[in-house]
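Peer 1: here's a sequence, model it:
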Amino acid sequence: MVFKRLLGSLGVGGPTVDTVLTTGAIAPGGPLSGQVHLKGGSADFAIDHIALELVAQVEAEHEEGEDERVVAFERFTVGGGFRLAEGELLSLPFTVTLPWETPITELYGQSLGIVLGVHTELSVAGAKDNGDLDRLAVSPLPVQEAILEAFGQLGFGFRSADLEYGRIGGTGQQLPFYQEIELTPPPQYAHAVDEIEVTFLATAGGMEVVLEADRRAGLFSDGHDALTRFTVAHDGIHHQDWRALVEGWLQQLIEHRSAYAAGSAYGHGDPYAGHHGSGHGHHEDRHHNDGHRSGPGLGTAVAVGAAGLAVGVVGGMVAAEVVDEAGDFFEGDNDDDGDDEGGDD
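Peer 2: Take a look at the predicted model:
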C-alpha cells in the first residue's frame, strides 16, 4: 500500500481528472459550468483540492522583440478535502463566474484567433497533478457586439486580434493583459490612420472602450499612436445609435491629432457619467520606432454588408493557421502531462 501511494504521488497509478465544460460560448461576467470527472487510482488517495485556472496565450514585448507566454488570470477552488477510493468514479459539478475583462474569442460564431483555456489542477496528498486543459469559448457582451457592429457599418474591416501582456495607463484594467481588436479603415478614414485598435475593459457597472489610432507618418512628421478612452453602460443597448456614437468617437480621435501637435491639455471625465457613451477619458500619444505589431499571424477579414459586421476567413490556409495555433497551445499542455488523461478534445 505504501508503495502504491508513492507511485501515485509520482503519477503512476494515481487518480486521473477530466473536466467537461457544459456551457458553450459565454460572455464576460457570465457563468461557466461543467463537471470534473475523477477516476480513482490503484489506491485510496486524499484529494487536497481541485482548482480551475483560466489561462490565456498572450504576447509580451521586450527589448529583444516579443514572445508568447501562457498567463493564468483567474483561479477557482471547486472541491477538495475528501478521500477518493481505489478505482472510484466521481463527478463534481461546478459553476464559476468569468471575469468581466475576459477576452472574447469569437464573433458571430467565427474564431478571432484568441486562445483561452480552463486548466484543472488536482492536488493529491501534497502532490499536484498537471491535470486537464479545455478550450474556453467567449462571445461578446451585447454592448461589445453593438460597438463592433457599428464599426462594420462604417466600413471598417477586421485585421486581427491578440492579447498584449501589460497594462493601459489611466484605465481601470484588472487583468495582467488586454485584448486588442485591430480594424482596417475604410477610404474616408484611410488618409488619417493605418488601423484602429479597440480594447474593451468591462466591469459589472459599465465598460471602458479604448481606441488607439495607428497614424500614418507624414512627409515632415513621424507616425505615432493616439489613444482615447470612452465609457459606456451595459443597459439601453437598443436605444442607442451606436453608429453615430462610434462615428463621433472616431472624429474625436482624429481631431486629437491637431490637439497633440498644439500640445493641448488632456481632459478627464467621470467614468460611466451621463448618457450612454458620453463619458470621456484622457488622450495619450504613443510613439513606436519599430512599427506596431499586426497580430499573431491571423489573416482574418471582416466583410461589411447591409447587415453590419460579419467575420469571414480569407482562404483555407488562414483558417488552418488559426486552428494550428490553438492546437499547438493545447497539445503542448498534454505533452507536459505525460500519461495523464487529457481533456475532452
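Peer 1: just the CA trace of the longest strand along the chain, in CSV.
Peer 2: With secondary structure taken from DSSP state E, the chain has its longest strand at strand 45-62. Extracted in CSV, the C-alpha atoms of strand 45-62 (Å, rounded to 0.1, in the frame of the first residue of the first chain):
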residue,chain,number,x,y,z
PHE,A,45,-6.0,9.0,-2.2
ALA,A,46,-6.6,12.1,-0.2
ILE,A,47,-7.8,14.9,-2.5
ASP,A,48,-6.5,18.1,-1.1
HIS,A,49,-8.1,20.4,-3.6
ILE,A,50,-9.4,20.7,-7.1
ALA,A,51,-8.8,24.0,-8.8
LEU,A,52,-9.7,25.6,-12.1
GLU,A,53,-7.4,28.1,-13.7
LEU,A,54,-8.4,30.3,-16.6
VAL,A,55,-5.3,30.7,-18.8
ALA,A,56,-4.6,32.7,-22.0
GLN,A,57,-1.9,32.7,-24.6
VAL,A,58,-0.5,36.3,-24.7
GLU,A,59,2.2,38.2,-26.4
ALA,A,60,4.8,40.0,-24.4
GLU,A,61,7.1,42.7,-25.9
HIS,A,62,10.7,43.2,-24.6
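Peer 1: contacts for the helix or strand following it, please.
Peer 2: For strand 45-62, the succeeding helix or strand toward the C-terminus, using DSSP states H and E, is strand 65-79. Defining contact as C-beta atoms under 8 Å, 6 or more residues apart in numbering, one finds that strand 65-79 is touched by 36, 47, 49-60, 92, 94, 96, 98-99, 102, 119, 165, 175-177, 293, 296, 329. For glycine as for every other residue, the C-beta is placed from the backbone atoms N, C-alpha and C.
Peer 1: can you list the strands that the helix or strand containing residue 226 pairs with?
Peer 2: Using DSSP H and E, residue 226 falls within strand 225-232. Note on strand 225-232: by DSSP bridges, its sheet partners are strand 206-215 (antiparallel), strand 279-286 (antiparallel).
Peer 1: confidence-wise, which of those strands is weakest overall?
Peer 2: Among the strands paired with strand 225-232, strand 279-286 has the lowest mean pLDDT, at a mean of 42.
Peer 1: thinking again about what came up before, compute the inter-axis angle for the helix or strand that the strand holding residue 226 is followed by and strand 225-232.
Peer 2: Per DSSP H and E, strand 225-232 leads on to helix 242-262 as the next helix or strand towards the C-terminus. If you take axes from the mean of the first three to the mean of the last three C-alpha atoms, to 10 degrees, helix 242-262 sits at 140 degrees to strand 225-232.
Peer 1: just checking, what packs against helix 242-262?
Peer 2: On a contact count with 3 or more C-beta pairs under 8 Å, 6 or more residues apart in numbering; DSSP states H and E, helix 242-262 meets helix 142-153, strand 193-203, strand 206-215, strand 225-232, strand 279-286.
Peer 1: dump these into a markdown table; add distance to residue 21 and mean neighbour count as well.
Peer 2: Compiled in a markdown table, the helices and strands packed on helix 242-262 are given as follows (distance: least, C-beta to C-beta, whole Å; neighbours: other C-beta atoms under 10 Å):
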| stretch | distance to residue 21 | mean neighbour count |
| --- | --- | --- |
| helix 142-153 | 21 | 22 |
| strand 193-203 | 21 | 22 |
| strand 206-215 | 25 | 22 |
| strand 225-232 | 29 | 23 |
| strand 279-286 | 35 | 18 |
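Peer 1: turn these into a markdown table, including distance to residue 170.
Peer 2: Shown next, in a markdown table, are the helices and strands packed on helix 242-262 (distance: least, C-beta to C-beta, whole Å):
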| stretch | distance to residue 170 |
| --- | --- |
| helix 142-153 | 20 |
| strand 193-203 | 11 |
| strand 206-215 | 9 |
| strand 225-232 | 7 |
| strand 279-286 | 5 |
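Peer 1: closest to residue 246 out of those?
Peer 2: helix 142-153 (4.1 Å; C-beta to C-beta).
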